[in-house]
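# Provided below for reference: sequence and predicted model.
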Amino acid sequence: MAGIYIHIPFCSQACYYCDFHFSTSLKSKSKIISSIKKEIKKQKNYLKGEIINTVYFGGGTPSILCADELREIMKVVKNNFLLSSKMECTLEANPEDITESKLTDWFNIGINRLSLGVQSFRDEDLNYMNRSHTQLDACQSIELIKNSQIYNFSIDLIYGFPLLTNEAWLSNLEKIINFKIPHISCYCLTVEKKTPLFHLIKKGKYQQLDSLIGKEQFLIARKVLLENGYNHYEISNFSKKGFSSQHNKNYWNATKYLGVGPSAHSYNGFSRRWNVKNNALYFQKIDNDECVYQEEFLTEKNRINEYILTSIRTSYGLVKDYICRKMNTQQRNSFNKEINKLEKKNFINTIEGRIVLTEKGMLLADSITENLFII
């Protein structure tokens, strides 16, 4: 099984925190769509004929495309790849783009899962982030989705910023629970360089973020969602039974995937590719039949560290015997020594041969991962 990621690099408005590749100008939209279709055809052999179990339209804001544009892209995918009969096809969408007719069109195209960028149910938070929808838009869009044929959907929420008190965060989570949302992704706000948020904080117009707030609100989300029947299957992701994201699992399980569109990444088990991040350069290279990506071939050490990076974030954890067999004696001794340290500090547990983060460890996942890397 393998996956396909399609990057749609357009948004109606720039969120202050976002450092993904996108443009708010739609002038090149038709050229980009044409180039994406050409790239899909050109890369049809990249996955070596493996069955595609997930297609994911990300961005940017894929819901900015009209139904015919999405249908054209899906047609090219279907004509060039063998798709699973149980394929998960996800579209990222903003609340203001959701209408009854669009939902019907999307379902008929083959989209059977939505990832909705709500971020908050409070207008003051949405203004802080420079989101283009209101809390009313968010609520109405959820009701429309629930009444559509697309029953599998996820909501994104952001926490860990000064405007959001613990009480307000609880209120956002309670709305999620009351709406009976099947999947929730909770992300702690981070400040990335070159974003408007970075410059607003640097100029003193926005308050600095406090990591303690993020840690408190992560624990609040974990407690509330676990108590309400959600499975915490990855550090940022919670789902009801049967609603975990199959596409995201591809990334965490080191499944092969093809990424098309500007800035998209690909992985085939041996190397990683990343496409150019410039829209004009992307479609010019495609038109000239030039290479649009850079590539890194992975060493055994790279593959071991990537497995550590992705698996340790999941509730299933890292299979100790599997990874130790890939290490030399020195690497294995160093790794086991670090595991013993982490166990003594109650940052990890070993369950049936799998190394799993404790709740305490989840708060330090990045540093724990770095310490486990082989050098």
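It's in.

# What's the separation between Ser315 and Asn53?
The spacing between Ser315 and Asn53, counted by C-beta to C-beta, to the nearest Å, is 20 Å. Every residue, glycine included, has its C-beta placed from N, CA and C.

# For Arg354, give me phi and psi.
Note on Arg354: backbone dihedrals following degrees, to the nearest 10 are phi -110, psi 140.

# now swap in Cys11 and tell me
Dihedral angles of Cys11 (phi, psi; degrees, to the nearest 10) stand at phi -140, psi 150.

# center of this protein, which residue is that?
The residue lying closest to the centre of the chain (C-alpha atoms, centre = their mean) is Asn248, at 6.5 Å.

# Okay, and it sits in which element?
For Asn248, the enclosing helix or strand under DSSP states H and E is helix 246-252.

# Helices along the stretch 151-300 of the chain, start to end?
166-178, 196-202, 211-227, 246-252, 279-287, 300-311 (DSSP state H, counting those that start in this stretch).

# Run through who's touching the fourth one.
If I follow you right, that is helix 246-252. 1-3, 5, 53-56, 88, 90, 234, 237, 255-257, 310-311, 313-314 (C-beta atoms under 8 Å, 6 or more residues apart in numbering).

# rank the helices of the stretch 151-300 of the chain by pLDDT, which is bottom?
Mean pLDDT is lowest for helix 246-252 among these, at a mean of 89.

# ok, and for that helix, which residues are buried?
Gln246, His247, Asn248, Lys249, Asn250, Tyr251, Trp252 (16 or more other C-beta atoms under 10 Å).

# just how off-centre is it within its chain?
For helix 246-252, the distance from its own C-alpha centre to the chain's C-alpha centre is 9 Å (C-alpha atoms, centre = their mean, to the nearest Å).

# before we move on, what about stretch 53-69?
With C-alpha atoms, centre = their mean, you get 14 Å for stretch 53-69.

# and that stretch, how far apart are its ends?
22 Å (C-alpha to C-alpha, to the nearest Å).

# Quick check: buried residues in that stretch?
In stretch 53-69, counting by 16+ other C-beta under 10 Å, buried: 53-65, 69.

# try stretch 109-125
Applying 16+ other C-beta under 10 Å to stretch 109-125 flags 109-122, 125 as buried.

# picking that back up, please produce TSV containing the helices of the stretch 151-300 of the chain, extended by distance to Arg332.
TSV is the format used below for those (distance: least, C-beta to C-beta, whole Å):
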stretch	distance to Arg332
helix 166-178	42
helix 196-202	41
helix 211-227	32
helix 246-252	23
helix 279-287	43
helix 300-311	11
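
# Please identify the deepest-packed of the ones you listed.
helix 246-252 (a mean of 20; mean count of other C-beta atoms under 10 Å).

# ok, now how distant is Gln207 from Leu219?
22 Å.

# What's the local residue count around Gly353?
Burial of Gly353 is recorded as 11 neighbouring residues (other C-beta atoms under 10 Å).

# what residues are up against it?
Gly353 touches Val319, Lys320, Asp321, counting by C-beta under 8 Å, 6+ apart.

# Can you tell me the closest non-neighbouring residue to Leu309?
Thr369 (5.6 Å; C-beta to C-beta, 6 or more residues apart in numbering).

# host element of that neighbour?
Judged by DSSP H and E, Thr369 forms part of helix 365-372.

# who does that helix touch, helix- and strand-wise?
helix 300-311, helix 329-344 (3 or more C-beta pairs under 8 Å, 6 or more residues apart in numbering; DSSP states H and E).

# If you drop the residues flanking it in sequence, what lies closest to Lys31?
Lys31 sits nearest to Phe283 (C-beta to C-beta, 6+ apart), 4.6 Å away.

# Hmm, that neighbour is touching Ser34, no?
Yes - with contact defined as C-beta atoms under 8 Å, Phe283 reaches Ser34; the gap is 7.4 Å.

# If you count neighbours, what's buried in stretch 180-191?
Using 16+ other C-beta under 10 Å as the test for burial, stretch 180-191 gives Ile181, Pro182, His183, Ile184, Ser185, Cys186, Tyr187, Cys188, Leu189, Val191.

# That'll do, ta.
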